[in-house]
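A.B. asks: Turn this into a structure:
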Amino acid sequence: AFEDPAIAKTAFTVDRPGTYVAALEVRDERGVSSTDDARVEVEASAGTNVRVALSWDRPGTDLDLHFVSPGAAFGSLGDCFFDNPTPDWRPAGPQGDPVFSGGATDESIVVADPFEGVYTVQVKVVAASPEGPTGATLRVFFEDVPVAAFFTNIPVTADAWDVVTLSWPAGRLTALDTIR
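C.D. replies: Predicted structure coming up:
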């Protein structure tokens with residue numbers, strides 16, 4: 001939404017990739033609008049930086065965030081996670097390779113220049129808390145702008161949470177939201 005669409009100077013901040021169309025409508029003091037069509041079309045890209053961040057609410061739970069590259073298998077060399085924190089995804093060197101970081105109840109993965117394709121984001125339950133379900137939140141950022149958040153309660157009996165796929169460079173997110 002525009003900050004204030006009724007003033008002479010307003011602003012619109014794009015927070016998601018896609019095509020945006022802005023139209024100008026001018027009304028006189030009687031409320032009669034202009035008959036001229038004034039439209040601007042803007043194509044916003046997802047940028048060149050993706051970050052996925054996982055957090056959870058039970059310190060006794062151990063979750064692993066996985067960011068799987070296009071065509072790769074879960075747990076393979078094409079999967080960035082705790083045990084493979086800086087995989088080599090590009091033949092040209094480290095640009096475009098993901099970087100993992102994590103703490104006791106949070107993990108994140110950043111890819112500075114993702115290559116084209118469909119990525120999968122999954123959460124593996126390494127150790128469930130015996131105290132009950134764990135509340136988990138996964139956030140997706142493009143250029144450090146939050147574009148999506150996914151929430152779930154992971155049951156003690158779950159092995160994984162399939163969260164979302166990311167089509168790059170379009171920045172299209174497709175929710176999977178499957179607990180298995």
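A.B. asks: Could you find the closest non-adjacent residue to the most centrally placed residue in the chain?
C.D. replies: Closest to where the C-alpha atoms of the chain average out (CA atoms, centre = their mean) is Val140, at 2.3 Å. In space, Val140 comes closest to Ala148 once its chain neighbours are excluded; the distance is 4.4 Å by CB to CB, 6 or more residues apart in numbering. Backbone N, C-alpha and C define where each C-beta goes, glycine included.
A.B. asks: Most distant residue from the centre of this protein?
C.D. replies: Of all residues in the chain, Arg30 sits farthest from the chain's C-alpha centroid, using CA atoms, centre = their mean; the distance is 45.8 Å.
A.B. asks: Would you quantify the distance from it to Val126?
C.D. replies: Arg30 sits 67 Å away from Val126, going by CB to CB, to the nearest Å.
A.B. asks: try Ser34
C.D. replies: Distance check for Ser34 against Val126: by CB to CB, it reads 62 Å.
A.B. asks: right, and the residue nearest to the centre of the chain touches Asn49 too?
C.D. replies: No: contact criterion CB atoms under 8 Å: Val140 and Asn49 do not qualify, at 11.5 Å.
A.B. asks: which residues touch Arg51?
C.D. replies: Ser108, Ile109, Val110, Val111, Val140, Phe141, Asp144 (CB atoms under 8 Å, 6 or more residues apart in numbering).
A.B. asks: all strands for the chain, in order.
C.D. replies: Per DSSP state E, the chain has strands spanning 18-24, 38-44, 50-56, 62-68, 79-80, 98-102, 106-111, 117-127, 134-142, 145-154, 160-168, 172-179. These are given in chain order.
A.B. asks: Any chance of a markdown table for those, columns mean pLDDT and distance to Thr10?
C.D. replies: A markdown table is the format used below for those (pLDDT from 0 to 100; distance: least, CB to CB, whole Å):
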| stretch | mean pLDDT | distance to Thr10 |
| --- | --- | --- |
| strand 18-24 | 71 | 10 |
| strand 38-44 | 69 | 13 |
| strand 50-56 | 97 | 30 |
| strand 62-68 | 97 | 37 |
| strand 79-80 | 96 | 41 |
| strand 98-102 | 94 | 38 |
| strand 106-111 | 96 | 33 |
| strand 117-127 | 97 | 35 |
| strand 134-142 | 97 | 24 |
| strand 145-154 | 95 | 20 |
| strand 160-168 | 96 | 31 |
| strand 172-179 | 96 | 28 |
